[in-house]
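Novice: I would like to see how this sequence folds:
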Amino acid sequence: MRPSIHEFDMTEGVAERGTAHRAASTLAFVLPGLPQLLAGRKRGALALGAWVAVWMVLWLRWSAVRAALGGGRGSGAVTILGITLVAVWVWSWRARADVGPAAQERASDTWGGPVVVGVGALAAIVLAALLAPLLTDFDPYVGGSIRSERLIGPSSAHLLGTDRLARDVFTRILYGARISLTIGLVAAGLAATLGTMAGAVAGYVGGLVDSVIMRTVDIVLAFPRLVLLISIVAIVRPSVPLIVVILALTQWPSTARLVRGEVLSLKERDFIVAARALGMSRSRIITRHLVPNALGPVIVATTLGVGHAIVLEAGLSFLGIGLSPSIPSWGNMVAEGRENLLEAWWLSTFPGLAIVVTVLAINLVGDGLRDALDPRAHAP
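Specialist: Numbers count the residues shown, from 1 in each chain. Just a heads-up that it's a prediction; the model follows:
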């Protein structure tokens, strides 16, 4: 019996899928992320970029990697390199099936171009900060000869020049990313935690508790934030933990207002009424039912709050009341360069660009999260 045309089509489709799967497997093994990128999945660009970047670091800085493997400085950075390589390869290998025509039709990769750019830029900044011991041979706190290496412009020896103490600017930017990102992330995280719990309690309990919490929020918001920060830092000796706490304590009211509004709309829903009817305590209802359902806007606000915290820390350092000048934060570097802005433009320009790029990347990620978590954005 001769096979029908339909059977020929099915056989041809199976063969085509098999060929595509084998090609994707080969590409995923050699260049992780490339098969996903060719299939239209934008996350493949991030994976491929991370894979190429790590191999470039291994190639260009092999002497530093070998020294770190021998017990020198940067052993933790080498571990991060290895983890990044394994994570990218495993992801691409496990996702290699999503490259065929049928898989492309099923794919729901909603990442827009700006979001991919933001995630990629932020990932590159974080990775560069973590790999700082492998990317530079200089010390961020100790400079060279002040007589011969002071205020040297960008060159092959010093990619972004040196400062007035003959310290390498590129090195200080890399290590400064650790300080600035840590301050931004921890401050935004603490503010989100305090604001979420305060807003949830105020919205659900109501009455006197709601009035006290919200009047406290109004009082904190009534003070000019920068003036309040300057007043506190001027009284107490500034340090990284103090800056983090101050930024968190001045940033939580906006999150509290946001969460309170969400809880007021959620507490009359059927699942909350059912929880009360079952005899659940207030604390259980708040932590297990209300807070998880109000986390969407909180995540977006926290992401944007990271950028705000970085900018505020830079502003305090620029005014001379931030961290100690010896600490290589981006704000300190911008402040140090203002005295030599005309003859040594690179001192303030490059750390300023680092702040701009980082905050812009964080804002792009926040916009992407807002679109992803907004149900109205996916409505037909």
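Novice: output the below-cut-off pLDDT ranges for this protein.
Specialist: 1-29, 96-113, 371-380 (pLDDT under 70).
Novice: and the lengthiest helix in it, which residues are buried?
Specialist: The longest helix of the chain (DSSP state H) is helix 169-205. Buried positions in helix 169-205, judged by neighbour count with 16 or more other Cβ atoms under 10 Å: 169-181, 183-192, 194-204. All C-beta atoms are positioned from the backbone trio N, CA, C, and that covers glycine.
Novice: and if you look at stretch 238-255?
Specialist: Quick answer for stretch 238-255 (16+ other Cβ under 10 Å): 238, 240, 243-244, 246-255.
Novice: what's the closest of these to Leu221?
Specialist: Nearest to Leu221 among those: Pro253, at 5.2 Å, using Cβ to Cβ.
Novice: tell me the contacts of that closest one?
Specialist: Taking Cβ atoms under 8 Å, 6 or more residues apart in numbering as the contact definition, Pro253 lies against 195, 216-217, 220-221.
Novice: swap in Arg370?
Specialist: Contacts of Arg370 (Cβ under 8 Å, 6+ apart): Val300.
Novice: centre of the chain to stretch 118-136, how far?
Specialist: 11 Å (Cα atoms, centre = their mean, to the nearest Å).
Novice: one more: stretch 300-315?
Specialist: 11 Å.
Novice: same thing with stretch 226-239?
Specialist: Once both centres are worked out by Cα atoms, centre = their mean, stretch 226-239 turns out to sit 26 Å from its chain's centre.
Novice: so what touches it?
Specialist: 242-243, 246-247, 250, 312, 315-316, 319, 321-324.
Novice: mind redoing it with 10 Å?
Specialist: Residues from elsewhere that reach stretch 226-239, judged by Cβ atoms under 10 Å, 6 or more residues apart in numbering: 220, 222-224, 242-243, 245-247, 249-250, 312-313, 315-317, 319, 321-324, 327.
Novice: spatially nearest residue to the residue positioned nearest the centre of the chain, not counting backbone neighbours?
Specialist: Within the chain, the residue whose C-alpha comes closest to the C-alpha centroid is Leu122; the distance, by Cα atoms, centre = their mean, is 5.5 Å. Sequence neighbours aside, Ala361 is the residue nearest to Leu122 in space, at 4.2 Å (criterion: Cβ to Cβ, 6 or more residues apart in numbering).
Novice: and the helix or strand hosting that neighbour with helix 169-205, angle?
Specialist: Element membership for Ala361, per DSSP states H and E: helix 346-373. Interaxial angle of helix 346-373 relative to helix 169-205 (axes from the mean of the first three to the mean of the last three Cα atoms, to 10 degrees): 40 degrees.
Novice: now helix 346-373: how far from the chain's centre is it?
Specialist: For helix 346-373, the distance to the chain centre is 9 Å (Cα atoms, centre = their mean).
Novice: mind listing what's buried in it?
Specialist: Under 16+ other Cβ under 10 Å, the buried positions of helix 346-373 are 346-352, 354-355, 358-372.
Novice: do stretch 126-140 as well
Specialist: 126-136, 138, 140.
Novice: what ranges do the helices span in the stretch 251-380 of the chain?
Specialist: 270-277, 282-285, 291-293, 295-318, 330-337, 346-373 (DSSP state H, counting those that start in this stretch).
Novice: picking that back up, and the buried residues of stretch 126-140, which is closest to Ala53?
Specialist: Using Cβ to Cβ, those come closest to Ala53 at Leu127, 7.1 Å.
Novice: wait, isn't the closest one in contact with Ala87?
Specialist: No: the pair Leu127 / Ala87 is not scored as a contact, 11.7 Å apart, by Cβ atoms under 10 Å.
Novice: what do these two both touch?
Specialist: Ala50.
Novice: which SSE is Ala123 in?
Specialist: Going by DSSP H and E, Ala123 is part of helix 113-130.
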